[in-house]
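> Here is a sequence together with a model predicted from it:
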Amino acid sequence: MTSPIRLRTPNPHLGAYYGIITSAFVALIVLLAMFEQLGWREVIIAQFMMVTPLLLYVVIAVGARTVDIEDYFTSGRRVPAVFNGFVLAATSVGGVGFLAYTGVLFFLGLDGLAIGLGLTCGLLAGAVLFVPFLRKAGAYTLPAFFGQRFRSRKLRVTASVMQLPPLVLLLAAEIQIAALIASLFLPLTFSLAVFLVAALVAAISILGGMRSLTWVGSAQFIAGAVGLAVPLVTVSVLLTSLPAPQFTYGGVIPSLQNAEITAGLAPVQPEGVTTDLPHMMPEPVVKPFFQSFGILGEYDFFLLFLCLMLGVAALPSLLVRSGVTRSIIEQRRSTAWAMLLVAVFALTAPALAVFTKLLVFQDIGLAPGAALPDWLNELSGRQLLKAGSANGAGGMGAAEIYFTRDGIALMLPTLADLPFVLTSLMAAAGMAIALAAAGSHLFTLAGSIAEDIYRVLDKGAAELPRLAAAWGAIAATALGTAIFLLIADTDPLRAAITALAFTAATFFPALLLAIWWGRCTEGGAIAAMGAGFSVVLLGCGVFGADKAGLYPVYVGLIGAVLALIAGIVASLYGMKPPAATLAYWQELRDPDGETIYDRAKARAAAQAANASASAQ
């Protein structure tokens, strides 16, 4: 028999509030479009488009500030499903997905769909395998779940330490994407932009923790969705006469193929090129969009998809949100919303890449002789592409133009000769999604330090020192990541893939055994996490730092297999789990009802009240 859930009522006016926020953002777009027609300079338009939403995020964070422990770490467990789905989707895609994934599709065509499929199926795998049971446990962090599941402080601290590399890599990648956008559209150097972005993310996280990140992240998702949809739908209407790019870009396939042939693109063979994803530095396109398995072979496509799926399914930044809704039904609905939104983005990004590629090569093919398109100098000035020397005919082909992978999405409005306000809108959208993901990664990492290290070392910590530890961890982590970005040569896409390889090898096997196998022991969980973490750390960090291609993917999958074997062997050859651990696992297997942690906390409070009454 399940125990009743204590009533947690969300704010009934949330829909109206975010409707107002959406209307205000749309009104800003219309207003700036009018001012552009009146002669406003592009630099002023960009500043208003970028800075105004940032001020709104700060205002929302201030309004959502809290010092209550449950609000700070779980947003009071009363977040409606759709809003939790917004933040889950923004964290899954992030600025890396928004810019780098669309860039990969531009360069690799259909081969790049492995990334979008991996993100979507990873959410599905996590929702089926882990989320209901983590929500039932009610732990504030993923390491806290391991500690409660096996009644082990050592395992809890170990898991917290092993979260550091993947979350730092993801945080660095998202801050780098946001800082790149800021430095392109605001009068800021990249170094200054890095520190300002890190400070903004830290401030939002410190003010209200999970609560402020949830409500700010929902606004950032809306800004990202509107900022992507408006320019893309406009281009879709111009090219296909229909406002549904996901379903209509197939109609331009013949035009794109002709434009690619004119530009000198011919089908490539996997054995004739290096299996690799496009890099951060500008490079030419070498493969037609609709050629399947031209750069990535069938096996590489599947392995990339599988690694990303396992990594997303076990990503702590997503799993930590399993306890913010009122019930397991609400949590399942929120995950369904997230999967739907990520799937829509995964299907929308190819349309963006197709339209961009068509406009580029069509204009180049139609340009007479040395008369190159006007956008070439404009985009070169913004450092979104680089033109090489003219070919023998005096013109430009695919081999003479070097494109920046993370700038493909930002090029589309300019290529379609749309008002500059839509270019700045696309930039604001990318920054919003990057900030939402960065906030989730930062809080997950710093919250674990406060809960799984500080609290373990000081059991009697009062609420304010406990929050002070989280504040200090957030500030220190943000500052350290900013410094890391300035001294390290980091590729956001490679950093994100390496991070997901870490989570796939370290946490996926351990979670699978801990939730689905009652015989799993503390030693088995430690062996699983230790084996997977060590393989990826040695393979990618020590011996494979200079390896190109999909090396992190291979290492991550090998680590996941070895971790699963190590966890099973260590559990079978160790002592059987005690009765209390088995009882916890059996209770965990029923995801309905109130969380185990909340029930235990309520019992402890009742016992303390009874003891106080008896003493009086």
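Sure thing, it's come through.
> For the stretch 101-250 of the chain, which segments count as helices?
For the stretch 101-250 of the chain, the helices defined by DSSP state H, counting those that start in this stretch occupy 102-108, 113-129, 131-137, 142-150, 153-185, 190-208, 210-240, 245-248.
> Would you mind putting those into TSV with distance to V67 alongside?
(Each C-beta comes from the backbone N, C-alpha and C, glycine too.) As requested, the helices of the stretch 101-250 of the chain are exported to TSV (distance: least, Cβ to Cβ, whole Å):
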stretch	distance to V67
helix 102-108	40
helix 113-129	31
helix 131-137	25
helix 142-150	20
helix 153-185	23
helix 190-208	9
helix 210-240	11
helix 245-248	44
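> quick one, which of the ones you listed is nearest to M411?
Across the helices of the stretch 101-250 of the chain, the minimum distance to M411, taken as Cβ to Cβ, is reached by helix 102-108, at 9.1 Å.
> How about residues contacting the closest one?
With contact meaning Cβ atoms under 8 Å, 6 or more residues apart in numbering, helix 102-108 is reached by 112-113, 115, 277-278, 283, 285-287, 289, 294-296, 349-350, 352-353, 356-357, 403-409, 493.
> CA-only coordinates of it, as PDB, when you get a sec.
In PDB, the C-alpha atoms belonging to helix 102-108 read as follows (Å, rounded to 0.1, in the frame of the first residue of the first chain):
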ATOM      1  CA  THR A 102      23.300  22.200 -36.800                       C
ATOM      2  CA  GLY A 103      26.900  22.800 -37.900                       C
ATOM      3  CA  VAL A 104      27.600  19.100 -38.000                       C
ATOM      4  CA  LEU A 105      24.500  18.600 -40.100                       C
ATOM      5  CA  PHE A 106      25.700  21.300 -42.500                       C
ATOM      6  CA  PHE A 107      29.100  19.500 -43.000                       C
ATOM      7  CA  LEU A 108      28.100  15.800 -42.700                       C
END
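> what's the model's confidence in that helix, averaged?
On average, the pLDDT along helix 102-108 is 94.
> elements contacting the lengthiest helix in the chain?
For the chain, the longest helix by residue count, based on DSSP state H, is helix 328-366. Helices and strands touching helix 328-366, by 3 or more Cβ pairs under 8 Å, 6 or more residues apart in numbering; DSSP states H and E, are helix 81-95, helix 102-108, helix 113-129, helix 131-137, helix 210-240, helix 245-248, helix 253-263, helix 408-415.
> shaky segments in the stretch 501-616 of the chain?
Applying pLDDT under 70 to the stretch 501-616 of the chain flags the ranges 542-548, 612, 615-616.
> Show me where it has its helices.
Under the criterion DSSP H, counting those that start in this stretch, helices of the stretch 501-616 of the chain are mapped to 508-516, 522-536, 551-573, 579-588, 596-615.
> The third one versus helix 113-129: what angle between them?
Right, helix 551-573. 20 degrees (axes from the mean of the first three to the mean of the last three Cα atoms, to 10 degrees).
> angle of helix 551-573 against helix 522-536?
Using the same axes, to 10 degrees: helix 551-573 against helix 522-536 is 160 degrees.
> How about helix 551-573, which residues are buried there?
551-560, 562-564, 566-568, 570-571 (16 or more other Cβ atoms under 10 Å).
> Ok, the first one next?
Residues of helix 508-516 classed as buried by neighbour count (16+ other Cβ under 10 Å): 508-515.
> One more: stretch 181-190?
Residues 181-186, 188 are the ones in stretch 181-190 that count as buried (16+ other Cβ under 10 Å).
> And it, end to end?
9 Å (Cα to Cα, to the nearest Å).
> can you list contacts of it?
The contact list for stretch 181-190, computed with Cβ under 8 Å, 6+ apart, reads 43, 46-47, 49-51, 95, 179-180, 193, 196-197, 382-384, 410, 424, 427, 430-431, 434.
> Report the mean per-residue pLDDT for it.
94.
> repeat for stretch 14-33
Averaged across stretch 14-33, the pLDDT comes to 94.
> For it, C-alpha coordinates in CSV please.
The C-alpha trace of stretch 14-33 is given here as CSV (Å, rounded to 0.1, in the frame of the first residue of the first chain):
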residue,chain,number,x,y,z
LEU,A,14,2.3,30.3,-14.1
GLY,A,15,0.7,30.0,-17.5
ALA,A,16,-0.3,33.6,-17.5
TYR,A,17,3.1,34.8,-16.3
TYR,A,18,4.9,33.0,-19.1
GLY,A,19,2.3,34.0,-21.6
ILE,A,20,3.2,37.6,-20.7
ILE,A,21,6.9,36.9,-20.9
THR,A,22,6.4,35.3,-24.4
SER,A,23,4.3,38.3,-25.5
ALA,A,24,7.0,40.7,-24.2
PHE,A,25,9.7,38.9,-26.1
VAL,A,26,7.7,38.9,-29.4
ALA,A,27,6.9,42.6,-28.8
LEU,A,28,10.7,43.3,-28.5
ILE,A,29,11.3,41.6,-31.8
VAL,A,30,8.6,43.6,-33.5
LEU,A,31,9.8,46.9,-32.0
LEU,A,32,13.4,46.3,-33.0
ALA,A,33,12.3,45.4,-36.5
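> I'm done for today, thanks for sticking with me.
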